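Novice: the following block contains a protein sequence and its predicted model.
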Amino acid sequence: MPALFPHSTIIGYPRIGPRRELKKALEAYWAGRIDATALEREARRLREATYARLTGLGLNPHDASIPASFSMYDQVLDTAVLLGAIPERFPDLAADHGPLGIDDYFTLARGDEQRSPLEMTKWFDTNYHYLVPEIGPRTPFTLDPDTLLRQVAEAADAGYRVRPTLIGPVTFLLLSKAAEGAGGGFAPLDRLDDVLPLYAELLDRLEERGVRWVQFDEPALATDTPLPDAVVDDAVRRAYDHLSGVAGRPAILLTTPYGGVGQRLGAIAATGVEAVHLDLVRGAVPAPAELALLKGKTLVAGIIDGHNVWKADLGEAAAVLDRLRADGVSLSVATSTSLQHVPHDTGVEQSLPDELRSWLSFADQKVEEVVVLAGHVAHPGSADRAIAAATTVLAGRRSAPGVEVPAVRERAAGLSPSDFDRGGFEERRSAQQAALNLPLLPTTTIGSFPQTAEVRSARARAARGDLSAAGYEAALQDEIRRVIALQEELGFDVLVHGEPERNDMVQYFAENLDGFDVTQHGWVQSYGSRCTRPSLLWGDVSRPAPITVPWTSFAQSLTGRPVKGMLTGPVTILAWSFVRNDQPLADTAFQVALALRDEVLDLERAGTRIIQVDEPALRELLPLRRADQPAYLDWSVRAFNLATAAAAPATQIHTHLCYSEFGAVITAIDGLDADVTSIEAARSRMEVVHDLEEHGFPRGVGPGVYDIHSPRVPSAEEIRLLLERAVRHVPAAQLWVNPDCGLKTRGYRETERSLRHLVDAARAVRAAVEVRS
Ligand SMILES: Nc1nc2c(c(=O)[nH]1)N[C@@H](CNc1ccc(C(=O)N[C@@H](CCC(=O)N[C@@H](CCC(=O)N[C@@H](CCC(=O)O)C(=O)O)C(=O)O)C(=O)O)cc1)CN2
Ligand code: MET
Ligand SMILES: [Zn+2]
């Protein structure tokens, strides 16, 4: 008879550390500044500090309330390695060479001189990115459980009985891609029966170590998958019938974060798992008939949002829990998702206004909210004071100055269709050609140039007060001078100022708009050691003063060639911030769009002839459920239109989107109505030109000709071949030549060489096309 599932838990916790300790240790290890022992010592210290912290916040250290959700780089990679699922292109790392070492693990994550790493892609609808396993019909599977078992043992030694968490078999295979050469018709899920014995063996091994509960994350069950529902439901049944049939195993918690499971609840409930987690924030609260299906299991109610940073309405959450309990279900209180998507602790923020801080709940505060609600479930009435306090805070938030600004609302309410419409493209095209007189196949970059250690350090010193505002501005101007001179020397047609003033393309705008605040320590892992500090969008948004105009004008004053103004679009600003949850996203997007519209007009007035509005996250916010996608695409496209449509016909509007799955949203991209669109294309060898050709994409387009994600320098010949491929499918008069994305993560050495090759290749193809026509 398995133990009862604990009354309160979280699905996962941030791993990067309250002061980004893991990031620093990883980067020190990769740079050779510390050895593997020191890295592992720091990781272990962080894990134990997490268990201690969670215990302090009220989770029980003895009953599996605490998840063991650490990862050195990525949890999907960890599960692939646990199963020995090493892609065939890494034969030296295969299981017959023994268990995988830490350097081998990092080779899979980061690649080496010869091989690219596993592909990285977005994790559900978050700004976290996971590594995509490659599974073929013959990929071998061998259990490699040492890392997991060591963590269980190490926790036990420190006095914690933790709950190991890993990606469940169905989601693991659904998130994998078919290995190259797997053959049409093969889907990784075809290998389900081959991985199940390994998961079963793992349950045995965990049982031997005294583990009582194991968590299998199955978020793919809360999304629409490319495979038919019946196939996925059958996989759920087979997987969990197999695993629950293992004799003497630990009990199983199956989690389904990031959405509702809908009809799939039937298949999940029919399995022999002991506890089922549902996301009650994104998904619906189950009706009594659905709850009846869960009889005999614990419902782990994901009622605290793991995905945003706002304090919960505890009164409302308690009412939902009361209803569930009245229906007789065995109940545990939890977060809707892992807390890896939110910063650690509001308590360490020194510069946030107290009132704003009181509205916030980061990971540690969310644990407290879970514990309060679990107290309420166990002893109704016992949490009334905390619930009343939350109600008071929420009421204060609703009426606080800045949350609703009449002038902002009136402006948004007064919009008419013409505010979204730039007029006909033909008129624009001839006006722009007259104003700019650009050659065929114009060359440009995506905006940022390498962010040098000097620039970052100057910014850090300016923030500490060790460098004056004037000193910081002078340092940035020096950098702009160098970037302009370099582009002139290389022979670019459309220049950029290089964005040295931006810590991040979203945070920089948030720092300069009303309605936002930014944190000091609110770092969230984006992938591996890379982090971002999402801004807090808490109020009505407006622009107190021009933001980018001085930098762009300064750059333009240094050159006769056109300098492109550079803005981040409304959808991306929302996607990479924590956004208020008290009004529809579309309303907030329109406010941001209006602020950007003012900036577009000010840039134009200052003489900027080309303005780029980046929307790399347009695809990212696309809802996971197909039924929700059309409404999203409608408002997101309209927000971009609103930001850009006031520009004069002669002003050329560019946009940039850095992903290659272009086909899926090409109609929306067309709807943006930008004069020129640059996109990622190099990693897929220009495949996107087929989508463009098929769609008959009518305006300018710059498919990226070199991959900026790696320090590799492409040859001019290689770039020329890509361009010739593009010219065969897209009229040359529409084509631009640019890299895949911004250069901020690169160094100057490789950047300069790559850009030289880019200009050489563009000139060669330009000459060839001109001869032909
Ligand atoms: N917000 C956002 N989301 C995004 C992307 C993006 O660019 N922005 N890109 C996509 C991929 N994700 C990425 C996420 C992060 C990074 C990245 O490089 N992050 C940097 C931090 C960038 C930053 O905010 N820099 C700040 C702060 C830098 C810093 O750590 N400074 C030191 C001090 C340095 C010194 O004294 O010299 C400190 O604070 O300790 C600045 O330049 O000002 C990192 O982890 O290292 C790259 C890609 C998707 N999502
Ligand atoms: C992630 S898209 C980046 C666009 C931005 N203009 C840059 O060049 O860095
Ligand atoms: Zn990009």
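Specialist: Nice, I can see it. Numbers count the residues shown, from 1 in each chain. Ligands and ions are numbered 1, 2, ... in the order given.
Novice: when you work out contacts or count neighbours from here on, use the C-alpha atoms and nothing else.
Specialist: Will do.
Novice: indicate the residue of the stretch 201-350 of the chain located nearest to ligand 1.
Specialist: residue 341 (12.2 Å; Cα to the nearest ligand atom).
Novice: my guess is that residue meets residue 129, correct?
Specialist: No - applying Cα atoms under 8 Å as the test, residue 341 and residue 129 come out as separate, 11.0 Å apart.
Novice: looking at the two, which one has more neighbours?
Specialist: A direct count of neighbours by other Cα atoms under 10 Å for residue 341 and residue 129 places residue 341 higher, at 24 against 18.
Novice: now for the more buried one: which residues touch it?
Specialist: Going by Cα atoms under 8 Å, 6 or more residues apart in numbering, residue 341 touches 14, 126-128, 306-308, 524-525.
Novice: most neighbours, which of these?
Specialist: In the contacts of residue 341, the most neighbours by other Cα under 10 Å go to residue 306, 30 neighbours.
Novice: need the per-residue pLDDT for that one.
Specialist: On the pLDDT scale, residue 306 is placed at 97.
Novice: what's it in contact with, if anything?
Specialist: 335-342, 363, 366.
Novice: tell me the one of the residues you listed nearest residue 680?
Specialist: Of all these, residue 341 has the smallest distance to residue 680: 25.8 Å, by Cα to Cα.
Novice: spatially central residue for this protein, please.
Specialist: Centroid check for the chain by Cα atoms, centre = their mean gives residue 127 as the closest residue, at 1.4 Å.
Novice: so how far is residue 607 from it?
Specialist: Taking Cα to Cα, to the nearest Å as the measure, residue 127 falls 35 Å from residue 607.
Novice: returning to that earlier point: in strands, which of the contacts of residue 306 fall?
Specialist: Residues of those located in strands (DSSP state E): residue 335.
Novice: and the contacts of residue 306, which are buried?
Specialist: 335-342, 363, 366 (16 or more other Cα atoms under 10 Å).
Novice: turn those residues into JSON lines, including distance to residue 474.
Specialist: Listed next are the buried ones among the contacts of residue 306 as JSON lines, based on distance: Cα to Cα, whole Å:
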{"residue": "335", "distance to residue 474": "47"}
{"residue": "336", "distance to residue 474": "47"}
{"residue": "337", "distance to residue 474": "45"}
{"residue": "338", "distance to residue 474": "43"}
{"residue": "339", "distance to residue 474": "41"}
{"residue": "340", "distance to residue 474": "38"}
{"residue": "341", "distance to residue 474": "36"}
{"residue": "342", "distance to residue 474": "35"}
{"residue": "363", "distance to residue 474": "39"}
{"residue": "366", "distance to residue 474": "43"}
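Novice: return the closest of those with respect to ligand 3.
Specialist: residue 341 (21.4 Å; Cα to the ion).
Novice: can you list the domains in this protein?
Specialist: 51-338+358-399, 424-437+502-632+646-665 (automatic domain parsing).
Novice: can I get the ones you listed in JSON lines including distance to residue 745?
Specialist: JSON lines is the format used below for the domains of the chain (distance: least, Cα to Cα, whole Å):
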{"stretch": "domain 51-338+358-399", "distance to residue 745": "15"}
{"stretch": "domain 424-437+502-632+646-665", "distance to residue 745": "11"}
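Novice: ranking helices and strands of the protein by mean pLDDT, which lands last?
Specialist: strand 120-122 (a mean of 89; mean pLDDT, DSSP states H and E).
Novice: ok, and what's touching the following helix or strand past it?
Specialist: Remark: after strand 120-122, the chain's next helix or strand is strand 129-131, criterion DSSP states H and E. Strand 129-131 is contacted from outside by 74-77, 109, 118-123, 526-527, using Cα under 8 Å, 6+ apart.
Novice: rerun that using 6 Å as the cut-off
Specialist: 77, 118-123, 527 (Cα atoms under 6 Å, 6 or more residues apart in numbering).
Novice: who does that strand pair up with?
Specialist: strand 120-122 (antiparallel) (DSSP bridges).
Novice: near ligand 1 at all, the partner strand?
Specialist: No - using Cα under 6 Å from any ligand atom, strand 120-122 stays clear of ligand 1, coming no nearer than 8.4 Å.
Novice: give me the contacts around the top helix by length along the chain.
Specialist: Looking across the chain with DSSP state H, the single longest helix is helix 748-772. With Cα under 6 Å, 6+ apart as the test, helix 748-772 has contacts from 490, 713, 716, 719-720.
Novice: check the secondary structure at the residue in the chain that ligand 2 sits nearest to for me.
Specialist: Nearest residue of the chain to ligand 2 (Cα to the nearest ligand atom) works out as residue 742 at 3.1 Å. Judged by DSSP: H, G, I helix; E, B strand; the rest coil, the three-state class of residue 742 is coil.
Novice: same question for the one 4 residues further on.
Specialist: Of the three states, residue 746 takes coil according to three-state DSSP.
Novice: in the helix or strand harbouring residue 149, what counts as buried?
Specialist: Per DSSP H and E, residue 149 falls inside helix 146-157. Residues 148-149, 151-156 are the ones in helix 146-157 that count as buried (16+ other Cα under 10 Å).
Novice: check those residues against ligand 3, which are close?
Specialist: Among these, no residue is within reach of ligand 3 (Cα under 5 Å from the ion).
Novice: so where is the stretch 1-150 of the chain shaky, pLDDT-wise?
Specialist: Counting by pLDDT under 70, the ranges of the stretch 1-150 of the chain that qualify are 1-3.
Novice: tell me which stretches of it form strands.
Specialist: 67-68, 120-122, 129-131, 134-135 (DSSP state E, counting those that start in this stretch).
Novice: quick check: residues of the stretch 651-773 of the chain near ligand 2?
Specialist: Counting by Cα under 6 Å from any ligand atom, the stretch 651-773 of the chain sits next to ligand 2 at 658, 741-742, 744.
Novice: residue 771 - how many residues pack around it?
Specialist: Neighbour tally, residue 771, other Cα under 10 Å: 8.
Novice: between the buried residues of helix 146-157, which sits nearest residue 354?
Specialist: For the buried residues of helix 146-157, the nearest to residue 354 is residue 155 (36.5 Å; Cα to Cα).
Novice: quick check: phi and psi at the residue of the stretch 351-500 of the chain found nearest ligand 3.
Specialist: Closest to ligand 3 within the stretch 351-500 of the chain is residue 446: 7.1 Å, counting by Cα to the ion. As for residue 446, its main-chain torsions (degrees, to the nearest 10) stand at phi -90, psi -10.
Novice: you'd agree it is up against residue 740?
Specialist: No - contact criterion Cα atoms under 6 Å: residue 446 and residue 740 do not qualify, at 7.6 Å.
Novice: how many residues are close by the spatially closest residue to residue 744 that is not a sequence neighbour?
Specialist: Counting by Cα to Cα, 6 or more residues apart in numbering, the nearest residue to residue 744 once its immediate chain neighbours are dropped is residue 450, at 4.1 Å. By other Cα under 10 Å, 19 other residues sit near residue 450.
Novice: and what of residue 115?
Specialist: 12.
Novice: same check, this time on residue 414
Specialist: 8.
Novice: now the one 10 residues further on
Specialist: Burial measure for residue 424: 10 neighbouring residues, criterion other Cα under 10 Å.
Novice: so who does the closest residue to residue 87 other than its chain neighbours touch?
Specialist: Counting by Cα to Cα, 6+ apart, residue 134 is the residue found nearest to residue 87 once chain neighbours are left out, at 5.6 Å. By Cα under 6 Å, 6+ apart, the residues touching residue 134 are 87, 176-179.
Novice: so how far is residue 26 from residue 41?
Specialist: Applying Cα to Cα to residue 41 and residue 26 gives a distance of 12 Å.
Novice: hmm, I typed the wrong one, I wanted residue 499.
Specialist: 27 Å.
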